[in-house]
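Undergrad: Need a 3D model of the following:
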Amino acid sequence: MRLVIADTGPINYLVLIGNIGLLPILFENVILPSAVEADLTDPDAPPAVRNWIAHPPAWLDAAWPAILAALCSAVSTALARFPQIELPTGRCATALAWAVAASPALGATGGEMRLAFDPPPSPHPIVEAVRNLLELRRYWTGSASELLDLLQPFAPCSTPKGVSQPLRNAVLTLADTGIELKFKRLHEGARVIHLRQDQGDAYCKNPPPDASPDLDPPPQPTQTEELPNQ
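TA: Numbers count the residues shown, from 1 in each chain. Here you go, the predicted model:
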């Protein structure tokens, strides 16, 4: 199995607790991008981490020849197969053609590459309904039943569960639009939904005159239990 380290957190932690040697045991190849390597050498990085990256272990360096070999194989395969590829049309057609040509060397099929280039499916209508709700208020909290009443008739839901389940499935889609979604259980057992529009995305210098005031979130009981977004 191959591990690509996307940020310095795991390296910092494992070096500082003295367990960095776990990585070559758990993973066949450990890939450290140059941007992450640069962060590890930053003067503000812990001294132990800077010393570790200054004398990298052999198992870290061994990944780079394999990466270069894989890239060369992909390029060679793409060059050989490209003249035989039926040029696609539509979105990113040229990039898709090269990806399909290189697919055998990348462990994928042409069909899988085409699926990867397909535009994402349209989000559930509840996503747009929630966005419209938060255009006038950057924060909302309440039960699924209350949210159901607010979203009608724009969301095709008829029950509280019909609101909760699509919301859980759309957590990442909502996050992409700057909306934070949380499900919580209050100390008394009641389940509530928290929706918050990220201020950086939702800020409007001249809000419409009919917009609701941006009030602070109402107080909630302090003892809560997080519910998994599954």
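Undergrad: and the lengthiest helix in the chain, which residues are buried?
TA: For the chain, the longest helix by residue count, based on DSSP state H, is helix 63-81. Neighbour counts over helix 63-81 (16 or more other C-beta atoms under 10 Å) mark Ala63, Ala74, Thr77, Ala78, Arg81 as buried. C-beta: built from backbone N, CA, C; applies to glycine.
Undergrad: Same list, the residues you listed, but as CSV with distance to His124 and pLDDT please.
TA: As requested, the buried residues of helix 63-81 are exported to CSV (distance: C-beta to C-beta, whole Å; pLDDT from 0 to 100):
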residue, distance to His124, pLDDT
Ala63, 40, 60
Ala74, 36, 92
Thr77, 39, 93
Ala78, 37, 93
Arg81, 39, 93
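Undergrad: so how far is Pro125 from the residue nearest the centre of the chain?
TA: When the chain is reduced to its mean C-alpha position, the nearest residue by C-alpha atoms, centre = their mean turns out to be Leu172, at 6.8 Å. Here the criterion is C-beta to C-beta, to the nearest Å. By it, Leu172 lies 17 Å from Pro125.
Undergrad: can you tell me which residues contact Asp118?
TA: Contacts for Asp118 (C-beta atoms under 8 Å, 6 or more residues apart in numbering) come out as Arg91.
Undergrad: My guess is Ser103 contacts Met113. True?
TA: Yes - judged on C-beta atoms under 8 Å, Ser103 makes contact with Met113 at a distance of 5.1 Å.
Undergrad: how does the protein divide up, domain by domain?
TA: As recorded under automatic domain parsing, the domains making up the chain are 2-61, 64-117, 125-226.
Undergrad: Low-confidence stretches in this protein?
TA: Applying pLDDT under 70 to the chain flags the ranges 1-4, 61-64, 199-230.
Undergrad: which residues of it fall in helices?
TA: Using DSSP H, helices in the chain cover 9-16, 22-26, 34-40, 47-54, 58-61, 63-81, 93-102, 110-117, 125-134, 144-151, 160-169, 171-176, 199-202.
Undergrad: just checking, what packs against the longest one?
TA: I take that to be helix 63-81. In terms of contacts (3 or more C-beta pairs under 8 Å, 6 or more residues apart in numbering; DSSP states H and E), helix 63-81 is packed against strand 29-31, helix 93-102.
Undergrad: mind putting these in a markdown table, distance to Asp149 included?
TA: Output for these, formatted as a markdown table (distance: least, C-beta to C-beta, whole Å):
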| stretch | distance to Asp149 |
| --- | --- |
| strand 29-31 | 50 |
| helix 93-102 | 45 |
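Undergrad: Of the ones you listed, which is nearest Arg50?
TA: With C-beta to C-beta, the closest approach to Arg50 among the helices and strands packed on helix 63-81 belongs to strand 29-31: 18.4 Å.
Undergrad: Describe which strands the closest one pairs with in its sheet and in which direction.
TA: Strand 29-31 has its sheet partners listed here by DSSP bridges as strand 2-4 (parallel).
Undergrad: Right, I'll call it a day here.
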